[in-house]
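J.: How does the following fold in three dimensions:
(chains A, B, C and D)
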4 protein chains.
Amino acid sequence: MKPVCLVIGAGAGIGGTVGKRFAQEGYHAVLCRRSDVAGLEKLVDEIAEVGGSASGFIMNAVDDDAIETRVSAIEADIGPIDVAVYNLGAQIGNRSLAETEPRAFEMGWRLGTFGLFRLARAVTPMMEKRGHGTIIVTSATAAVRGNAGQHSHTAAMGGRRLLCQSLNAEFSPKGIHVAHVVVDGAVEAPDTLGKMLGPERFRQLKETRGAADGLMLPEKIADTYWYLANQHRSVWTHEMDLRSWSDLPWWNH
Amino acid sequence: MKPVCLVIGAGAGIGGTVGKRFAQEGYHAVLCRRSDVAGLEKLVDEIAEVGGSASGFIMNAVDDDAIETRVSAIEADIGPIDVAVYNLGAQIGNRSLAETEPRAFEMGWRLGTFGLFRLARAVTPMMEKRGHGTIIVTSATAAVRGNAGQHSHTAAMGGRRLLCQSLNAEFSPKGIHVAHVVVDGAVEAPDTLGKMLGPERFRQLKETRGAADGLMLPEKIADTYWYLANQHRSVWTHEMDLRSWSDLPWWNH
Amino acid sequence: MKPVCLVIGAGAGIGGTVGKRFAQEGYHAVLCRRSDVAGLEKLVDEIAEVGGSASGFIMNAVDDDAIETRVSAIEADIGPIDVAVYNLGAQIGNRSLAETEPRAFEMGWRLGTFGLFRLARAVTPMMEKRGHGTIIVTSATAAVRGNAGQHSHTAAMGGRRLLCQSLNAEFSPKGIHVAHVVVDGAVEAPDTLGKMLGPERFRQLKETRGAADGLMLPEKIADTYWYLANQHRSVWTHEMDLRSWSDLPWWNH
Amino acid sequence: MKPVCLVIGAGAGIGGTVGKRFAQEGYHAVLCRRSDVAGLEKLVDEIAEVGGSASGFIMNAVDDDAIETRVSAIEADIGPIDVAVYNLGAQIGNRSLAETEPRAFEMGWRLGTFGLFRLARAVTPMMEKRGHGTIIVTSATAAVRGNAGQHSHTAAMGGRRLLCQSLNAEFSPKGIHVAHVVVDGAVEAPDTLGKMLGPERFRQLKETRGAADGLMLPEKIADTYWYLANQHRSVWTHEMDLRSWSDLPWWNH
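T.: You can find the predicted model right below:
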């Protein structure tokens, strides 16, 4: 029975690509996303075509018990979750405080913070019994500083980041590696950035950033996740930042 | 008509003492707390006895519209809210992840992050019209690092801290000062720390810390808040830490 | 005998203004600067004219024993140093790495880091004997992040910031308050910023920032230093940031 | 001609092990250390024995021109420096401020900050011409917070960290990857930790930390450096932390 790599938030960008990478390395990838059955099936098929093993589920992570039920079912029917990747974003674009409805702010928290809490609560008991496991959390610049217009996103991501620290503090001594990855730049992700900008502006941005690698390439981010999941436990990383060589870190102007 | 200093979370520790201080300096203090009518009336009376002006309201900040309605009523009936102090804590003691119920985690967020968002949304429109205002947020070490057992608290406070940054980024250019105060140590607060420890351990802690000032004195924290509310706008502070001389900062061991 | 407030780096901006403020509050101000006897005498005279007490010394802080000898002489001849303000900057403008000569990099360290170490080594033994004292360190955005072209400055200030932490860790329990002030913006300082920009660009910058308070006013920074020196020891601040309301914090874009 | 991996500070711990790893992957390792010719020759021989290629040089990095001359000679005689690892420590144990001689403080800076500045100044012109290169900097917890007794070390490492940021800001857009690695824990390093503790206490520490991997294993740190040197430039990491699963991060208590 293959170990499972569970990806919550498996679109065509980071999430799906990470799933593919782990499948290619011998994991069974379980891909969960909120919508787009066709896109999900495409991902699963692409994995199968190259000899990998994957399952896909449409799941709204904010629904009651959605994450918890999925985790139980995977452990019962598919295999032990060895790696869990929390890849749900909570970016809603820039909105003034007046334009940020309480409902939107709460949704940011449900996706950005609470879902990770629920995932960790669901997977850690089994990981702890097995004595090992990895939880990798995709995060954003908004997790380390709050810009104007980012009220919902930054509150959610700031909570996410510190939750990763408290999870790490409790579970690292039990053999569970929790890693918080600060994705500090634009990702070459047609499902998110591409849709936000529209095809023309997305193409322009890619050209502006220069070369084929001015945006962060999802396959290369997947390399990072694979590396993190394989770090020897004498040298675990809790937090690292990623950005393109042509981009400025968030702390520089 | 006196300017109003609104305190959300006005117990016998930081909140009530800050209200007293602002009342003493000429503000009308509006004190809100969730329970203990007698304690609230005592605070209001103590302010009146020394010639100050105050009102007290029992209010559960997590109730729908509780904060919003209170803010409107104050602006209509009492005076312009010039200073708003968000002083609700969300500490529930150390609990493992398994022991941290989703409901408790959500309550942490409602008190720790969402309530501040709602307060800011309620008071900033009027402050912006008047061209000035101050929002002071009491925060905790858990806002800057997540310890084991602090899942609910640190996620809530981490969100609170970054929300303060995004609020500051939007409202500072509009003349509204947002300050995030990291209370990095034990406060001489009978209502919270005293109750958590019980009278005997509270007394012992105070003795251990040495002298009369080993715990943080609420009146001295109130000095800080008064100072912040009076900083000239050419030199606004967004974040500062506070702790007793006899205590170690969170970053030291 | 008046307590002494020693200012290392007392030009017409922050340093001299802080000296004036402490003199006005009853301290004897000892003002040290590297050059400009006329400017120094003017500062001392202005303090005397309003009934204050001050002494001025031309001193190159990087000279061997300059700081140490001055501290001894003050303690012997003038009075006990109760407050020491380290206000030497190390900004040399933007230079590429190739243009940053090793000699300039070393000078940055001598002014930015080593001088503070020497001052602390000179004043803490007496402060420790007396059981109290305050060391306030003017710092810069370069102490918390390193921009391109700032190699010398940021290395010096990054060292300065962490030295403040280790000094605080050793001396806070001995009653000595060490505060690190991140001056995160342009100061209305004719001796430094004014000279760097030239009179015309300096005037333009002031106009652009809007109003009379778009640049940080030295008298208002002096208010902060006075506040810090008077914080009750149950609520000492180690680090705080300052910037104008119309400016963006370093972490925002 | 093989690309060169230059290691400044190549003892039996991180430095030598990183050299071995890069040699094994096809680099020519150039190992520099201050003393112990026998130890250096042993490292070079061990690399040769398994078919790798290496050179060793005794070099005191703080000597005038030592680094600069070595870099020129390598580029002229051995090959292009593709990866430069700055691995000099500056830990001198805990010393009070009074016990920290100015000479020791200066030596901390020469090893901790200035040597990296000089190395970067020497290697970046060639790397820039070639359009690529990697500089990996071993760093310590003292780079992010200053503990009591660590005055020299923390000032040096705090400067080192921010210098890495300014180097990254200038050179990342030129294709040179600068990575700052926070080694946040005890390393299984007989040459440094082992000598500091003595054989008996070193053995005890290893046992206390549990298992064979309670201390950070140099070969596993070398994995990290190899990973960093091979990160695709669309996803460069500037800073990451490392510690053993059984250890607490510096921010936790």
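
J.: what about stretch A:128-148, distance to the chain center?
T.: Chain-centre distance of stretch A:128-148: 8 Å, with CA atoms, centre = their mean, to the nearest Å.

J.: With stretch A:84-91 instead?
T.: 4 Å.

J.: what's the first-to-last distance across it?
T.: End-to-end span of stretch A:84-91 (CA to CA, to the nearest Å): 21 Å.

J.: Likewise for stretch A:43-62?
T.: Per CA to CA, the first residue of stretch A:43-62 is 22 Å away from its last.

J.: Only the buried residues of it, if you could.
T.: Of the residues in stretch A:43-62, A:43-44, A:47, A:52-57, A:59, A:61-62 count as buried by neighbour count, 16 or more other CB atoms under 10 Å in any protein chain shown. In short, each C-beta sits where N, CA and C put it, glycine included.

J.: is chain B contacted by that stretch?
T.: No - judged by CB under 8 Å from any CB of the partner chain, stretch A:43-62 stays clear of chain B, getting no closer than 12.1 Å.

J.: circling back: between the buried residues of stretch A:43-62, which sits nearest residue C:68?
T.: For the buried residues of stretch A:43-62, the closest approach to residue C:68 (CB to CB) belongs to residue A:61, at 63.0 Å.

J.: wait, that closest one sits on residue A:115?
T.: Yes - if you go by CB atoms under 8 Å, residue A:61 and residue A:115 touch, sitting 4.7 Å apart.

J.: Mutual contacts of these two, please.
T.: Here residue A:61 and residue A:115 have A:8, A:67, A:88 as joint contacts, going by CB atoms under 8 Å, 6 or more residues apart in numbering or on different chains.

J.: Going through those, which ones are buried?
T.: Buried, going by 16+ other CB under 10 Å: A:8, A:67, A:88, out of the shared contacts of residue A:61 and residue A:115.

J.: can I assume the second one sits in a helix?
T.: Yes - when DSSP: H, G, I helix; E, B strand; the rest coil is applied, residue A:67 is found to be in a helix.

J.: And the residue nearest the centre of chain A, how close does it get to chain D?
T.: Nearest residue to the geometric centre of chain A (CA atoms, centre = their mean): residue A:87, 1.7 Å. Distance, residue A:87 to chain D, using CB to the nearest CB, to the nearest Å: 15 Å.

J.: Could you double-check that that residue lies in contact with residue A:135?
T.: No - contact criterion CB under 8 Å: residue A:87 and residue A:135 do not qualify, at 11.4 Å.

J.: Show me what whichever strand or helix holds residue A:21 is packed against.
T.: Following DSSP states H and E, one finds residue A:21 within helix A:14-24. With contacts defined as 3 or more CB pairs under 8 Å, 6 or more residues apart in numbering or on different chains; DSSP states H and E, helix A:14-24 has these neighbours: strand A:4-8, strand A:28-33, helix A:37-49, strand A:53-58, strand A:81-86, helix A:218-230.

J.: Report the contact partners of residue A:140.
T.: With CB under 8 Å, 6+ apart, residue A:140 has these contacts: A:89, A:91, A:153, A:157, A:182-184.

J.: ok, 10 Å please
T.: With contact taken as CB atoms under 10 Å, 6 or more residues apart in numbering or on different chains, residue A:140 is in contact with A:89-91, A:112, A:150, A:153-154, A:156-157, A:160-161, A:181-185, A:250.

J.: Mind listing what's buried along the helix or strand of chain A with the lowest mean pLDDT?
T.: Here the helix or strand of chain A ranked lowest by mean pLDDT, DSSP states H and E is helix A:199-208, holding a mean of 77. For helix A:199-208, burial by neighbour count (16+ other CB under 10 Å) applies to A:202, A:205-206.

J.: Give me every residue in chain A lying close to chain C.
T.: Contact residues (CB under 10 Å from any CB of the partner chain) of chain A with chain C: A:141, A:144-148, A:150, A:248-253.

J.: If we use 7 Å, what do you get?
T.: With CB under 7 Å from any CB of the partner chain as the criterion, chain A comes near chain C at residues A:145, A:147-148, A:251-253.

J.: Of those, select the buried ones using a ChimeraX command.
T.: Restricted to buried positions by 16+ other CB under 10 Å, the ChimeraX selection for the residues of chain A next to chain C reads:
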select /A:145,147,148,251,252
